[in-house]
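Chemist: below is the structure, and that's it, no one-letter string:
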């Protein structure tokens, strides 16, 4: 078992911050697809309500001291302010510094005999609940645009709504 603090730091550094290398993209042909997509950029109060409610009430958030449960409980009073804030972020293409702050913690995985192996640790990034809500809204909107305009191959199944085993089997049979 590792006993020195410096050795533990080195193990975690190698695991979570490995040296990066550039990908070789020389074999990719240049292509450009011009597609103009129009959409309403205004975020609605309903979108904000749904996004805040999607975040689990007892999930941990970063050091902003705003708990998910407190925000959900006061949503009726804050909905217009949050909607205005999110719309300002989109209009000005600005993501608040507070939203970008994360608190990352390293947890030991349970029932491991030796913590010298970096695989026995897990990184957990705690994000601000308002950042999670805004991100949720934007991801949903982008997903809707991508699906509406058929911007992904039908073979793409991962992380897509309404793409289940039956869709995969239909694709394989075809």
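Modeler: Received, thanks. Keep in mind that what you see is a predicted model, and the values were worked out from it rather than measured.
Chemist: can you tell me the SS state at the most centrally placed residue in the chain?
Modeler: Among the residues of the chain, the one closest to the centroid is residue 135, at 6.8 Å (C-alpha atoms, centre = their mean). Following DSSP: H, G, I helix; E, B strand; the rest coil, residue 135 is assigned to helix.
Chemist: and it, how close does it get to residue 117?
Modeler: From residue 135 across to residue 117, the span is 33 Å (C-beta to C-beta, to the nearest Å). Any C-beta I mention is one placed from the backbone N, CA and C, and that applies to glycine too.
Chemist: equivalent analysis for residue 148, please.
Modeler: Distance of residue 148 to residue 117, given as C-beta to C-beta: 46 Å.
Chemist: residue 153 and residue 146, how far apart?
Modeler: Residue 153 sits 11 Å away from residue 146, going by C-beta to C-beta.
Chemist: next one: residue 51
Modeler: Using C-beta to C-beta, which is the criterion applied here, residue 51 is 18 Å from residue 146.
Chemist: which one of these two has more residues nearby?
Modeler: More neighbours surround residue 51 than the other of residue 51 and residue 146, with 23 against 14 (other C-beta atoms under 10 Å).
Chemist: which SSE is that one in?
Modeler: helix 45-54 (DSSP states H and E).
Chemist: mean confidence for that helix?
Modeler: Helix 45-54 shows a mean pLDDT of 90.
Chemist: how about residues contacting that helix?
Modeler: 71-72, 75, 79-80, 82-83, 86, 129, 132-134, 136-137, 140 (C-beta atoms under 8 Å, 6 or more residues apart in numbering).
Chemist: next step: those restricted to helices.
Modeler: 71-72, 75, 79-80, 82-83, 86, 129, 132-134, 136-137, 140 (DSSP state H).
Chemist: residues touching residue 118, list them.
Modeler: Shown in contact with residue 118 (C-beta under 8 Å, 6+ apart): 11-12, 14-16.
Chemist: mind putting those in a markdown table, secondary structure and distance to residue 110 included?
Modeler: Formatted as a markdown table, the contacts of residue 118 follow (DSSP: H, G, I helix; E, B strand; the rest coil; distance: C-beta to C-beta, whole Å):
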| residue | secondary structure | distance to residue 110 |
| --- | --- | --- |
| 11 | helix | 18 |
| 12 | helix | 18 |
| 14 | helix | 22 |
| 15 | helix | 18 |
| 16 | helix | 19 |
